[in-house]
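Enquirer: give me a 3D structure for the following:
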Amino acid sequence: MFDQKRMDREDKRRRALSRFRNSMAEMRAGAVLILCWAAVPAQAQDRDAMLFHDSNGLTVRGHLQFGFNAVSEQNLFWDLAATTAPGSGYDPDTNWLEVYIKPGISFEYQLDAGAVVYGKLSAVSSYTLGTDAFDTGDTGATTLEEAYLAIRGDQGSGLSYDVSLGARELTLGTGMLIASGGTSGFERGALKFGPRKAWEMAAIGRLTYGNVTGTAFYLDPNELPSTDGGNQLAGVDLRMDDPRGGYLGATFVDVLKSDSPYPQAAPGGVGAPTVTPGAREDTKTLNIYAKTNPFSGGLENWTFTSDLAYQWNDRIDMEAWAGRLTAGYTFAGLPWSPNLTLGYQTFSGDDPNTSKLERFDPLYYQGSPSAWATGSKSASTFINSNANALTLALRVQPTRQDTLTLRYAHIRANELNSPVQFGQATRVDINGNVVSGVTDAHLADDIFLEYSRIINRNTFLTAGASVSFPGTGIDNVIGQNADPWTGGFVNVVFNF
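Expert: Residues are numbered from 1 along each chain as shown. Below you'll find the predicted structure:
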């Protein structure tokens, strides 16, 4: 039996190595752009290494991005799996390596009438070596990223237009709802890197008059094949940008089609949540966002931002809300130009004492710590629903190339005994009742220290270490004081 186990492990290792080699072969195929670069004369490389053609109104440019990310995690998710899924065999301590390459090519062609026809084609090949936080590893995929055609032009008197069709990136407002059009991780690999950003299909039309821009859009997200919800979205965004830096805007999003389910708390919070397939369809969201212009008269170093979102779906009796306020101050007279930002963000949860569904759906938000993550580590556990966070960020720049950022988040649930993420923590309590969510609002306290360095104009280094201290809500799920969740990473990205 010992020999058989050893043979099984060896066979698994060989198969993982074979998959890794196959994935690397796909990446090498995408690196044909590097060979094209090498074929360009040395003088041209000195001018612009990725400019392949520029004459007769036609510009053709190559693009290449690739990176490596080493991750180490200990006591993942505060080892909740030992209580909520004891038979899963989940290992809360793991290390893994992520790699990806993203080659592409773009063009612009100047028409005689003055308009510009442009487009881009790119792909992403990614791989995870080892087992990641979601117990998936030694896997990867190559997928189409951007593939669009577009036309833009100036109509005079300050009026311009820009229309595109195809797979491309789109972020609206502050990224609260519409930002991450592509999904990585799981069978595609590169969970932390998340190199996929483009929507699988996007029809985007923009009209700009002076400082005001109106955008109409139709979006089909690039979802994982294993969890494709068949989502289709449409809406409009209206935004006014002040040249001094402030802005005011509003986004309306309508989910035209979806198979994605919604969970709803059991009456009184006792029992498993009800999961309704296709509940997201017909959900509508209005988001208003703003940022102040520079102040004067003693407030010149202050910046304030706000977001407010209202969400409803009459078909399933849904009404939800979310919002964020931040205040930032730059100590302009001190060395390293410290910037301190205090924020509070909140997303409604489903009240188990009502028949209405109040759980906020964050749609396709930008989930990085500098954007809309609820905590650093906790953002991998709690999506922006039934949660609130008081956040503090201190950023310093010892040099123009080096940035240090310390982030803190105090995270709480808005509704007790109600799904905090999607209901995965449904369990039987000590009284034999099936419950979901948490019985105490305090979820966690996250601390994250991040260092970024611009090595040169094409190379970027980022390293970070973080710890999440579980709150009483997590302790109660486990039935004892849970240990902290710790981890770190270091990555290098090359962008040409």
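
Enquirer: for residue 480, give its distance to residue 472.
Expert: 12 Å (CB to CB, to the nearest Å). Yep, even glycine has a C-beta here, placed from its N, CA and C like the rest.

Enquirer: looking at the two, which is more packed in?
Expert: Applying other CB atoms under 10 Å to residue 480 and residue 472 shows that residue 472 carries more neighbours, namely 15 against 8.

Enquirer: so what's the more buried one up against?
Expert: Counting by CB atoms under 8 Å, 6 or more residues apart in numbering, residue 472 touches 440, 442.

Enquirer: how close does it get to residue 335?
Expert: With CB to CB as the criterion, residue 472 and residue 335 are 40 Å apart.

Enquirer: what's the span of stretch 82-90 from first residue to last?
Expert: Stretch 82-90 has its terminal residues 8 Å apart, counting by CA to CA, to the nearest Å.

Enquirer: mind listing what's buried along it?
Expert: 83, 90 (16 or more other CB atoms under 10 Å).

Enquirer: can you check stretch 133-148 too?
Expert: Buried residues in stretch 133-148, counting neighbours by 16+ other CB under 10 Å, are found at 133, 136-148.

Enquirer: off-centre distance for that stretch?
Expert: 15 Å (CA atoms, centre = their mean, to the nearest Å).

Enquirer: equivalent analysis for stretch 208-220, please.
Expert: On CA atoms, centre = their mean, the centre of stretch 208-220 falls 22 Å from that of its chain.

Enquirer: now stretch 247-267
Expert: Distance, centroid of stretch 247-267 to centroid of chain: 17 Å (CA atoms, centre = their mean).

Enquirer: could you give the bridge partners of residue 60?
Expert: residue 53, residue 107 (DSSP bridges).

Enquirer: one more: residue 162?
Expert: residue 152, residue 206.

Enquirer: with distance to residue 359, secondary structure and pLDDT added, can I get the buried residues of stretch 133-148 in JSON lines?
Expert: What follows is the buried residues of stretch 133-148, written out as JSON lines (distance: CB to CB, whole Å; DSSP: H, G, I helix; E, B strand; the rest coil; pLDDT from 0 to 100):
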{"residue": "133", "distance to residue 359": "24", "secondary structure": "coil", "pLDDT": "94"}
{"residue": "136", "distance to residue 359": "26", "secondary structure": "coil", "pLDDT": "93"}
{"residue": "137", "distance to residue 359": "31", "secondary structure": "strand", "pLDDT": "90"}
{"residue": "138", "distance to residue 359": "35", "secondary structure": "strand", "pLDDT": "95"}
{"residue": "139", "distance to residue 359": "31", "secondary structure": "strand", "pLDDT": "96"}
{"residue": "140", "distance to residue 359": "33", "secondary structure": "strand", "pLDDT": "97"}
{"residue": "141", "distance to residue 359": "31", "secondary structure": "strand", "pLDDT": "97"}
{"residue": "142", "distance to residue 359": "36", "secondary structure": "strand", "pLDDT": "97"}
{"residue": "143", "distance to residue 359": "31", "secondary structure": "strand", "pLDDT": "98"}
{"residue": "144", "distance to residue 359": "33", "secondary structure": "strand", "pLDDT": "97"}
{"residue": "145", "distance to residue 359": "32", "secondary structure": "strand", "pLDDT": "98"}
{"residue": "146", "distance to residue 359": "33", "secondary structure": "strand", "pLDDT": "98"}
{"residue": "147", "distance to residue 359": "35", "secondary structure": "strand", "pLDDT": "98"}
{"residue": "148", "distance to residue 359": "34", "secondary structure": "strand", "pLDDT": "98"}
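
Enquirer: quick check: residue 192 touching residue 68?
Expert: No. Using CB atoms under 8 Å as the test, residue 192 is too far from residue 68 to be in contact (11.4 Å).

Enquirer: any residues in contact with both of those two?
Expert: Listed as contacting both residue 192 and residue 68 by CB under 8 Å, 6+ apart are residue 98.

Enquirer: more crowded one of those two?
Expert: Using other CB under 10 Å as the criterion, residue 192 and residue 68 rank with residue 192 on top: 18 against 14.

Enquirer: got phi/psi on the more buried one?
Expert: Note on residue 192: backbone dihedrals following degrees, to the nearest 10 are phi -70, psi -40.

Enquirer: again, but for the one 5 residues further on
Expert: For residue 197, the backbone dihedrals are phi -130, psi -20 (criterion: degrees, to the nearest 10).

Enquirer: wait, doesn't it sit right on residue 183?
Expert: No. Using CB under 8 Å, residue 197 is not in contact with residue 183; the gap is 10.0 Å.

Enquirer: let me know the secondary structure of the nearest residue to residue 479 once chain neighbours are set aside.
Expert: Closest residue to residue 479 apart from its sequence neighbours, by CB to CB, 6 or more residues apart in numbering: residue 83 at 6.8 Å. Classification of residue 83 by DSSP: H, G, I helix; E, B strand; the rest coil places it in helix.

Enquirer: pLDDT score assigned to residue 83?
Expert: Note for residue 83: predicted pLDDT of 80.

Enquirer: now swap in residue 340 and tell me
Expert: For residue 340, pLDDT reads 98.

Enquirer: residues contacting it?
Expert: Applying CB under 8 Å, 6+ apart, the residues near residue 340 are 328-329, 331, 392-394.

Enquirer: which one of those is nearest residue 257?
Expert: Distance to residue 257 across these (CB to CB) is lowest for residue 393, with 37.7 Å.

Enquirer: other residues contacting the helix or strand containing residue 237?
Expert: Applying DSSP states H and E as the criterion places residue 237 in strand 232-241. Applying CB under 8 Å, 6+ apart, the set of residues contacting strand 232-241 from outside is 172-173, 178, 211-221, 247-258, 363.

Enquirer: name the nearest residue to residue 468, ignoring sequence neighbours.
Expert: Residue 468 sits nearest to residue 377 (CB to CB, 6+ apart), 4.0 Å away.

Enquirer: can you give me the neighbour number for the one you found?
Expert: 26.

Enquirer: same check, this time on residue 361
Expert: Neighbour tally, residue 361, other CB under 10 Å: 25.

Enquirer: go ahead and confirm it touches residue 284.
Expert: No. Contact criterion CB under 8 Å: residue 361 and residue 284 do not qualify, at 10.5 Å.
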